[in-house]
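Asks: I would like the atomic coordinates for the input below:
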Amino acid sequence: MFANKPVLSGERVTLRPVGPEHVEGLWELVNDPEVTRLTGSHGVIDRGAAEIWYGSRGEHDDRLDLAICTTEDDDYVGEVVLNDLDAHNLSCNLRIALVGARAFGRGYGAEAIRLVLDHAFATTELHRVSLEVFDFNDRAAHVYRKVGFVEEGVRRDALRWEGEWHDAIMMSVLAPDWAVR
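Replies: I've put the predicted structure just below:
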């Protein structure tokens, strides 16, 4: 479904298929303590694994991994991914992460999500794109609602972070809703 790995351009960001040239940015992203907290990432990724990961994403037609780069200087500021494809039910998951404070609050995430959803709903048969956001990530939840995601429910105590339990809020956007937004 995602054999086409496009370059998508907006006012603030350009989305590019991830590749080895983006490993330095990915390394910054996965080593930012605030990013790991916001994404609930407990694991540690080694540099070699990051290089292999970004070097192999183009080979997979069941997912779309795009680097978020600024339009002004092509600086890597994050990634947006469509993954967990369920081809029978025409649905997938959306995941996004920005590199941290230097990318937060600048509209990069909202524009990246709009660009990837515009592409997905216009060029594939996808009907549903879903995501989860942790209850303490108000900034992300606000952006998801603003771009058109609707809250569907809550997975209670889905994340244990530094000894405290947090809920995961489930959200989705459907192709018909996206078309009339």
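
Asks: mind listing residues that contact the helix or strand where residue 68 lies?
Replies: Element membership for residue 68 (DSSP states H and E) is strand 64-70. Strand 64-70 has contacts (C-beta atoms under 8 Å, 6 or more residues apart in numbering) with 2, 5, 8, 12-19, 22, 25, 54, 57, 75-83, 96, 98, 103, 108-109, 112, 116, 120. Glycine gets a C-beta too; all of them are placed from N, C-alpha and C.

Asks: which of those residues are buried, as a ChimeraX select command?
Replies: A single ChimeraX command selects the buried members of the contacts of strand 64-70 (16 or more other C-beta atoms under 10 Å):
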select :2,5,8,12,13,14,15,16,17,18,22,25,54,57,76,77,78,79,80,81,82,96,98,103,108,109,112,116,120
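
Asks: the helix or strand that comes right after the strand holding residue 68 relative to strand 64-70, how many degrees between them?
Replies: Under the assignment DSSP H and E, the closest C-terminal helix or strand after strand 64-70 is strand 76-86. Here strand 76-86 runs at an angle of 160 degrees relative to strand 64-70 (axes from the mean of the first three to the mean of the last three C-alpha atoms, to 10 degrees).

Asks: and the contacts of strand 76-86?
Replies: 1-2, 13, 15, 18, 22, 24-26, 28-29, 62-70, 91-99, 102-103, 108-109, 112-113, 116, 120, 129.

Asks: so which of those belong to strands?
Replies: The strands, defined by DSSP state E, take in 13, 15, 64-70, 91-98, 129 from the contacts of strand 76-86.
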